[in-house]
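Q: Sharing a sequence plus its predicted fold:
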Amino acid sequence: EKAGHKHFMAKEIAEQPIVLADALKAYSSNDAKGIALPSGTIDFTKCDRITMVACGTANLACQVAKYWFEQIAGLPVDVDIASEFRYRKPVVSDKSYALFVSQSGETADTLAALRYAKERAAMILSVVNVPESSIARESDLALPIMAGVEVGVASTKAFTCQLLALAALALKAGHQRGHISDAEMAKHMDDLNLLPGILNQSLSLEKAIERIAGKIASAQDVLFLGRGSMFPLALEGALKLKEISYIHAEGYASGELKHGPIALIDKTVPVVVMAPTDELFDKTVSNMQEVMARGGKVVLITDAEGAKEASDGVWQTIVMPTISPFLAPILYAVPAQLLAYHTAVAKGTDVDQPRNLAKSVTVE
Ligand code: F6R
């Protein structure tokens, strides 16, 4: 049932091109020029804000979605951690939609947050992997992510499928609200259709990433840096690494480096920089150079253009396929997952069942 892989996590990482292609099909209109939701309809012109709530990796998917909704749809987005949201007495207006993201659909804090929002928000949306789950049942509209069963405790394919569903929602919202034209929408759809193939190409970097993981396995601490929609990916890279390899890891927004974490940098601390060439690339590179000037060992994850421009003095470079900046967060999840996976394998930890963790957190 691991289909020839050593762990469920490896199988689930490898499956991503297929499940993403399925999900994309489910979210594409018949003419493939726009988004059609697989279940029901949403009118994003009727809300003035979206409040997104989730835990862990699902929360990081929401953090990426915030960049997308603001940029593509001009819609303000709040992102909250469910355990904070549920007790904070948050203000939820009746013009806002509340959106809950959960692989299992059973996370206790997320479900409690949903029940709080239900009394207040105009609509309760959820993005779930398990369609018969409590969170799906208690939503006005539950959107499936079509990832299939995820066994590994560390979320991989559910994360990228959550991102795909959220990207589709952001595009739908942008189009409905007149923020993107038919032509822009069609261009985004073309980009989306290339995604499964590009993701598949990125899997061929596994051997190179495994070698780097072998070197990272002896580190005590690892930092992950990213800017813009790569910032939540830096958080995800750090979360994945700490949960399965037990190496202390932190993700930071690149621009925050000099506000504290730069004090940690020395030659023993690998710093993973996630930087596709986009409009923020040069800024991220200058943060990376600050790390190198202090002896930090940089693992740069970028594309061919970025590698050409910025790999001087870099310890290790992972050269990703080129992708539209909008979809880069989905693609860059793959090297983050593979780095965590192979570091954990090198350390000999229980990859699929990391200590102290449960797949579904049904108590708070
Ligand atoms: C991390 C991970 C967890 C879950 C979190 C939420 O790899 O798997 O952080 O993302 O427990 O779980 P769901 O999505 O089931 O609500």
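A: Received the coordinates, thanks.
Q: part of a helix, is Ala168?
A: Yes - under DSSP: H, G, I helix; E, B strand; the rest coil, Ala168 sits within a helix.
Q: tell me the pLDDT at it?
A: Looking at Ala168, its pLDDT reads 98.
Q: show me the residues around it that make contact.
A: Neighbouring residues of Ala168 by CB atoms under 8 Å, 6 or more residues apart in numbering: 27, 35, 37, 192. Glycine gets a C-beta too; all of them are placed from N, C-alpha and C.
Q: among those, which two are most distant?
A: Greatest spatial distance in the contacts of Ala168: Leu37 and Leu192, 14.5 Å, computed using CB to CB.
Q: which one of these two has more residues nearby?
A: Leu192 (23 against 17; other CB atoms under 10 Å).
Q: Assign a three-state SS to the more buried one, would you?
A: helix.
Q: these two touch, right, it and Ala23?
A: No - Leu192 is beyond contact range of Ala23, at 10.0 Å (criterion: CB atoms under 8 Å).
Q: what touches both of these two?
A: Taking CB under 8 Å, 6+ apart as the criterion, Leu192 and Ala23 both touch Leu164.
Q: quick one: contacts for Met320?
A: 202, 205, 276, 301-303, 331-332, 335.
Q: switch to 10 Å and redo it
A: For Met320, the contact set (CB atoms under 10 Å, 6 or more residues apart in numbering) comprises 198, 201-202, 205, 274-276, 301-304, 306-307, 328, 331-332, 334-335.
Q: And for Ile301?
A: Applying CB under 10 Å, 6+ apart, the residues contacting Ile301 are 205, 209, 212, 224, 226, 230, 233, 237, 272-276, 307, 316-320, 332, 334-336, 339.
Q: Apply 6 Å and report the result again.
A: Taking CB atoms under 6 Å, 6 or more residues apart in numbering as the contact definition, Ile301 lies against 274, 318, 335.
Q: and the residues you listed, which are buried?
A: Neighbour counting by 16 or more other CB atoms under 10 Å classes 274, 318, 335 among these as buried.
Q: In helices only, show me those.
A: Using DSSP state H, the members of those that fall within helices are Pro335.
Q: Could you export the buried ones among the contacts of Ile301 as CSV, including pLDDT and distance to Glu364?
A: Compiled in CSV, those are given as follows (pLDDT from 0 to 100; distance: CB to CB, whole Å):
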residue, pLDDT, distance to Glu364
Met274, 98, 32
Ile318, 98, 38
Pro335, 98, 33
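Q: With respect to Thr41, which of the buried ones among the contacts of Ile301 is nearest?
A: The closest of these to Thr41 turns out to be Met274 (CB to CB; 35.0 Å).
Q: quick one: contacts for the nearest residue to that closest one once chain neighbours are set aside?
A: With CB to CB, 6 or more residues apart in numbering as the criterion, Met274 has its nearest non-adjacent residue at 4.2 Å, and that residue is Gly226. When contacts are counted by CB under 6 Å, 6+ apart, Gly226 touches 233-234, 274.
Q: Pick out the residue nearest the middle of the chain.
A: The centre of the chain sits closest to Ala61, judged by CA atoms, centre = their mean, with a distance of 4.3 Å.
Q: tell me the mean pLDDT for the helix or strand that one falls within?
A: Assigned by DSSP states H and E, Ala61 belongs to helix 56-68. Mean pLDDT, computed over helix 56-68, is 98.
Q: same deal with stretch 294-312?
A: Stretch 294-312 carries an average pLDDT of 96.
Q: Straight-line length of it, end to end?
A: Counting by CA to CA, to the nearest Å, you get 15 Å between the two ends of stretch 294-312.
Q: before we move on, what about stretch 74-87?
A: End-to-end distance for stretch 74-87, by CA to CA: 29 Å.
Q: Skip the chain neighbours and tell me the closest residue to the residue nearest to the centre of the chain.
A: Nearest one to Ala61, counting by CB to CB, 6+ apart, is Gln162 at 4.0 Å.
Q: separation between the closest residue to Glu138 other than its chain neighbours and Phe100?
A: Leaving aside its sequence neighbours, Glu138 sits nearest to Leu114 (CB to CB, 6+ apart; 5.9 Å). Distance, Leu114 to Phe100, by CB to CB, to the nearest Å: 5 Å.
Q: before we move on, what about Asp303?
A: Distance of Asp303 to Phe100, computed by CB to CB: 33 Å.
Q: These two: who's more crowded?
A: Phe100 (30 against 20).
Q: Could I get the phi/psi values of the more buried one?
A: Torsion angles at Phe100 (phi, psi; degrees, to the nearest 10) stand at phi -120, psi 130.
Q: Now do the residue nearest to it when sequence neighbours are not counted against the ligand, distance only.
A: Spatially, and ignoring its direct neighbours in sequence, Phe100 is nearest to Ser126 (4.5 Å; CB to CB, 6+ apart). In this view, Ser126 and the ligand are 10 Å apart by CB to the nearest ligand atom, to the nearest Å.
Q: residues near Ile18, how many?
A: Ile18 - counted by other CB under 10 Å - has 14 other residues nearby.
Q: Helix or strand: which one has it?
A: helix 16-27.
Q: Just the C-alpha atoms of that helix, please, in PDB.
A: The C-alpha coordinates for helix 16-27 follow below in PDB (Å, rounded to 0.1, in the frame of the first residue of the first chain):
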ATOM      1  CA  GLN A  16       1.200  15.200  -5.800                       C
ATOM      2  CA  PRO A  17       1.300  15.700  -9.600                       C
ATOM      3  CA  ILE A  18      -1.600  13.200 -10.000                       C
ATOM      4  CA  VAL A  19      -3.800  14.400  -7.200                       C
ATOM      5  CA  LEU A  20      -3.200  18.000  -8.200                       C
ATOM      6  CA  ALA A  21      -4.200  17.200 -11.800                       C
ATOM      7  CA  ASP A  22      -7.400  15.600 -10.400                       C
ATOM      8  CA  ALA A  23      -8.100  18.600  -8.200                       C
ATOM      9  CA  LEU A  24      -7.500  21.000 -11.000                       C
ATOM     10  CA  LYS A  25      -9.900  19.100 -13.200                       C
ATOM     11  CA  ALA A  26     -12.500  19.300 -10.500                       C
ATOM     12  CA  TYR A  27     -12.100  23.100 -10.200                       C
END
